[in-house]
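> Using only what follows, build the 3D model:
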Amino acid sequence: MTTQETMTADPPDYDDPDLARRVEAMAPADIDALPFGALRVDADGQVCFYSRREAQLSGRDLRPTVGLHFFTEIAPCMDTPLVRGRIERALAAGTLDVRLRHVGDFADRSRTLEMRALSAAGGGFWLFLRRV
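This next block holds a predicted model:
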C-alpha cells in the first residue's frame, strides 16, 4: 500500500499534528464524513468551505454559510478578543495552531465546543470543531 492510499484509508484525527495539511488533501465528501466539524475561512474572514457534518452538528443545516464573514455573519458570539483576537494574533505571527473552548452553539447555547484553528495553505485558516 502506498503512502497516499494509507492517508486515504485512515482519515485524520482531531488531534493529528498535521490535521490541516491532511484535510487539504481530501475530497470535500471525505471532509464531510469526518466525526468533527470543519470549515475554512479565507484571509478576508469569508467562509469558503463549511462541512456538511458541521452544518448538521451545529444546527445550521441548510442555512447559507459559504461567502459569509465567519465572525460577523455566522458566529458573532466568537467575535471576541479571546477567540477572534487570538486567532488573528497567531495568524499574524505565522504560528496558528490554537486550541480553545467555547460555550455556545447555534442550536444549543449551553453546549461546549472544542475548537482547533490551524493555518490554511494560501492564507486564512481551518477551524475544526468538536462537541463536548
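
> Contacts only, for residue 72.
The contact partners of residue 72, taken as Cβ atoms under 8 Å, 6 or more residues apart in numbering, are 45, 79. Every C-beta, even on glycine, is put in place using the N, C-alpha and C of the backbone.

> what do you get for residue 75?
Residues near residue 75 by Cβ under 8 Å, 6+ apart: none.

> what about it, distance to residue 21?
From residue 75 across to residue 21, the span is 24 Å (Cβ to Cβ, to the nearest Å).

> show me where this protein has helices.
For the chain, the helices defined by DSSP state H occupy 3-9, 19-24, 28-32, 52-58, 86-93.

> Now tabulate these in JSON lines and tack on mean pLDDT and mean neighbour count.
Formatted as JSON lines, the helices of the chain follow (pLDDT from 0 to 100; neighbours: other Cβ atoms under 10 Å):
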{"stretch": "helix 3-9", "mean pLDDT": "45", "mean neighbour count": "10"}
{"stretch": "helix 19-24", "mean pLDDT": "96", "mean neighbour count": "18"}
{"stretch": "helix 28-32", "mean pLDDT": "94", "mean neighbour count": "15"}
{"stretch": "helix 52-58", "mean pLDDT": "80", "mean neighbour count": "18"}
{"stretch": "helix 86-93", "mean pLDDT": "93", "mean neighbour count": "15"}
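
> okay if I get the ones you listed as CSV plus distance to residue 41?
What follows is these, written out as CSV (distance: least, Cβ to Cβ, whole Å):
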stretch, distance to residue 41
helix 3-9, 24
helix 19-24, 12
helix 28-32, 14
helix 52-58, 12
helix 86-93, 9
